[in-house]
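Asks: sequence plus the predicted model coming up.
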Amino acid sequence: MTAEIVIMNNQAVALAADSAVTMRDQESHKIFPSANKIFSLSKYHPVGIMVYGSASFMGIPWETIIKMYRSQLGTQHFPSLRIYADRFLSFLGTASTISSEAHQEQYVAASLSALFSFLSKEVIKAANDKMCAGVRLTETGIKRIASQAIKQHYEFWLKGPLLENLPSDYKRDLKRKYIGIIEKYKKEAFEKLPLSQKTSRTINNIALEYFSRSPLAHTGISGLVVAGFGTDDAFPSLVSFSIDGIAANVLRYVRDSEMELGLGTGASIAPFAQSEMVVRFMDGVDPLYERTTKGLIANILHQYPQVIIDNIPNLTHAQKKGLKAKLADEAQKQFEGIEKMLAEFKKEEFSSRVLKVVTMLPKDALALMAESLVSLTSFKRKMSMEAETVGEPIDVAVISKGDGFVWIKRKRYFPAELNQQFFRNYFRRIDDDKNNKGRKKKV
């Protein structure tokens, strides 16, 4: 996990991210404080990108992918930030290095292995529950349990919205390309369970819906946050996505949020990944404590009608039933009213006051605030028994219309004084890009 934040006001964007990355295998995990999560998306224009979740995409590190795209982008610029984000998504879905058939098959195989393993465990759990209740199961009974469990999961996936930009014949392409992989991993996961032909077909359909709909459920999901200015943008904005992989030449992603500042919106604070400390700072209350409190209030209000009815003598069954329905409706209205009042109080007394200050912050103060909020999350992890999945050093960048992408704090894995050629090559590539652009114009 990680902690990242984007703080915007009308003149600039501050991005901050921790450096912790968790490496896992089947038996253990190790945390390294060395991950780069903030990058400039263009060498020439005020656009940055942050990565959280999985450190790689289709087996390739995000840092490599972003720098490949940045090299291809060169001096190109676009009128709005959203176009920068959409072009990057297009690159992910079409770059041959990333979206080769071999990479896609590997991704599909890993996804189906995890999906079918989960489904088989659900069937086994349902069967065990029956046996614990004293039911003696035959092969026919297990088939019936499997059918019910698989049907429930199929209905769950059918409720999910279709992903963006799917071709009309996408499911047919999925089946044609990957039916062999589907059958292979289905056999491995369900070889000890008797399945009817109908249930077996339903499992295949779940696989097709899994790749066609959200929510994204693969363990290798990455989050991307693109922030900054397009050439026609007077104010900054951000776009965030969740990205899974590529199957049948279609990029699986969900657009999570968009925020654009303007004359009516002067500031924004957007945390990503582990956000509980930022929410606590903004709202004046820990989110877990708030959920627990609301749950207790809801339970009291919904149980109290029965307490009232039980203490009123001489009521008929019909009277009790009618009174309980009225009191239950009133309890729900009261709970919704309490929720609304608490939300208004929280906004008025805490978040609105913070955002009012953020609208006035200069660039250096924006950077300091972003760093402090990520550091707060890191400190909280240090002072608890939880794994330190958020850790320093913290990288900080500021993006403004006039100054572009500027590093405020940035770790390096090498000493700058010993690697002057790195900086010479970086700026030489910039000059080469400009020269190449000039030659194309002449042609």
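Replies: Yes, it's here.
Asks: all contacts plus neighbour counts: C-alpha atoms, from now on.
Replies: OK.
Asks: which elements pack onto the longest helix anywhere in the chain?
Replies: Identified as the longest helix of the chain according to DSSP state H is helix 101-132. For helix 101-132, the packing partners by 3 or more C-alpha pairs under 8 Å, 6 or more residues apart in numbering; DSSP states H and E come out as helix 139-159, helix 170-190, strand 237-247.
Asks: need the mean per-residue confidence for the shortest one.
Replies: Summarised as a single mean, pLDDT over strand 237-247 is 94.
Asks: and the angle for that strand with helix 101-132?
Replies: Counting by axes from the mean of the first three to the mean of the last three C-alpha atoms, to 10 degrees, strand 237-247 lies at 80 degrees to helix 101-132.
Asks: partners of strand 237-247 in the sheet?
Replies: strand 222-228 (antiparallel), strand 250-260 (antiparallel) (DSSP bridges).
Asks: among the ones you listed, which comes closest to Q11?
Replies: Nearest to Q11 among these is strand 222-228 (10.3 Å), distances taken as C-alpha to C-alpha.
Asks: what is the mean pLDDT for that closest one?
Replies: 95.
Asks: buried ones in that strand, by neighbour count?
Replies: Neighbour-count burial for strand 222-228 flags S222, G223, L224, V225, V226, A227, G228 (criterion: 16 or more other C-alpha atoms under 10 Å).
Asks: for the fifth one, list the residues it contacts.
Replies: Neighbour list for V226: V47, G48, I49, M50, L81, A85, L238, V239, S240 [criterion: C-alpha atoms under 8 Å, 6 or more residues apart in numbering].
Asks: cool, and L288?
Replies: L288 neighbours (C-alpha under 8 Å, 6+ apart): none.
Asks: need the pLDDT of it.
Replies: Taking L288 on its own, its pLDDT is 91.
Asks: ok, K30 next?
Replies: At K30, pLDDT is 62.
Asks: K382 now?
Replies: So, for K382, pLDDT stands at 77.
Asks: next: T389.
Replies: For T389, pLDDT reads 67.
Asks: quick one on the thing from earlier: let me know the closest of the contacts of V226 to D232.
Replies: Using C-alpha to C-alpha, those come closest to D232 at L81, 9.0 Å.
Asks: what is the burial count for the closest one?
Replies: Using other C-alpha atoms under 10 Å, L81 has 25 other residues around it.
Asks: let's have the strands paired with strand 237-247 in JSON lines, adding distance to A133.
Replies: Below are these laid out as JSON lines (distance: least, C-alpha to C-alpha, whole Å):
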{"stretch": "strand 222-228", "distance to A133": "41"}
{"stretch": "strand 250-260", "distance to A133": "41"}
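Asks: with respect to P215, which of those lies nearest?
Replies: Nearest of these (C-alpha to C-alpha): strand 250-260, 8.1 Å.
Asks: and the next element down the chain from the closest one?
Replies: Remark: after strand 250-260, the chain's next helix or strand is strand 267-273, criterion DSSP states H and E.
Asks: now do that next one against strand 250-260, angle only.
Replies: With the same axes, to 10 degrees applied, the angle from strand 267-273 to strand 250-260 works out at 150 degrees.
Asks: direction included, what does strand 267-273 pair up with?
Replies: Paired neighbours of strand 267-273 in the sheet (DSSP bridges): strand 3-9 (antiparallel).
Asks: hmm, who's touching the very next helix or strand once past the strand it pairs with?
Replies: The helix or strand immediately downstream of strand 3-9 is strand 12-17, counting by DSSP H and E. Identification of contacts with strand 12-17 by C-alpha under 8 Å, 6+ apart yields 2-8, 37-38, 50, 227-228, 235-236, 363, 366-367, 370-371, 374, 394-401.
Asks: I'd say S242 and D256 touch.
Replies: Yes. S242 lies in contact with D256 (C-alpha atoms under 8 Å); the separation is 6.6 Å.
Asks: which of these two has more residues huddled nearby?
Replies: For the pair S242 and D256, the greater number of neighbours falls to S242 (20 against 12), based on other C-alpha under 10 Å.
Asks: tell me what the more buried one is bridged to.
Replies: G223, V254.
Asks: same check, this time on the one 4 residues further on
Replies: When bridges are assigned using DSSP bridges, the partners listed for I246 are L251.
Asks: against L288, how distant is it?
Replies: Distance of I246 to L288, given as C-alpha to C-alpha, to the nearest Å: 35 Å.
Asks: okay, now V254: neighbour count?
Replies: Close neighbours of V254, defined as other C-alpha under 10 Å, add up to 19.
Asks: just the one 4 residues further on next, same as before
Replies: Residue crowding around E258 was assessed by other C-alpha under 10 Å; the count is 14.
Asks: list the contacts for it?
Replies: Counting by C-alpha under 8 Å, 6+ apart, E258 has contacts S237, L238, V239, S240.
Asks: do I have it right that the first one meets M259?
Replies: Just to be clear, that refers to S237. Yes. In this structure, S237 is within contact of M259 by C-alpha under 8 Å, at 5.4 Å.
Asks: more neighbours: which of those two?
Replies: Neighbours per residue (other C-alpha under 10 Å) separate S237 from M259, with S237 holding more: 26 against 17.
Asks: who's in contact with the residue lying closest to the more buried one once chain neighbours are set aside?
Replies: Of all residues not flanking S237 in the chain, E260 sits nearest, at 4.2 Å (C-alpha to C-alpha, 6 or more residues apart in numbering). Residues in contact with E260 (C-alpha under 8 Å, 6+ apart) are F235, P236, S237, L238.
Asks: closest to E276 among those residues?
Replies: Using C-alpha to C-alpha, L238 is the member of the contacts of E260 that sits closest to E276, with 20.5 Å.
Asks: quick check: which ranges of the stretch 251-400 of the chain have low pLDDT?
Replies: For the stretch 251-400 of the chain, the stretches flagged by pLDDT under 70 are 385-389.
Asks: what's the closest of the helices and strands packed on helix 101-132 to F91?
Replies: Nearest to F91, of these and by C-alpha to C-alpha, is strand 237-247 at 11.9 Å.
Asks: so what's D395 bridging to?
Replies: Going by DSSP bridges, D395 forms beta bridges with A17.
Asks: how many neighbours does it have?
Replies: If you count neighbours by other C-alpha under 10 Å, D395 ends up with 24.
Asks: was I right to think it contacts S34?
Replies: No. Counting by C-alpha under 8 Å, D395 does not reach S34; the two are 10.6 Å apart.
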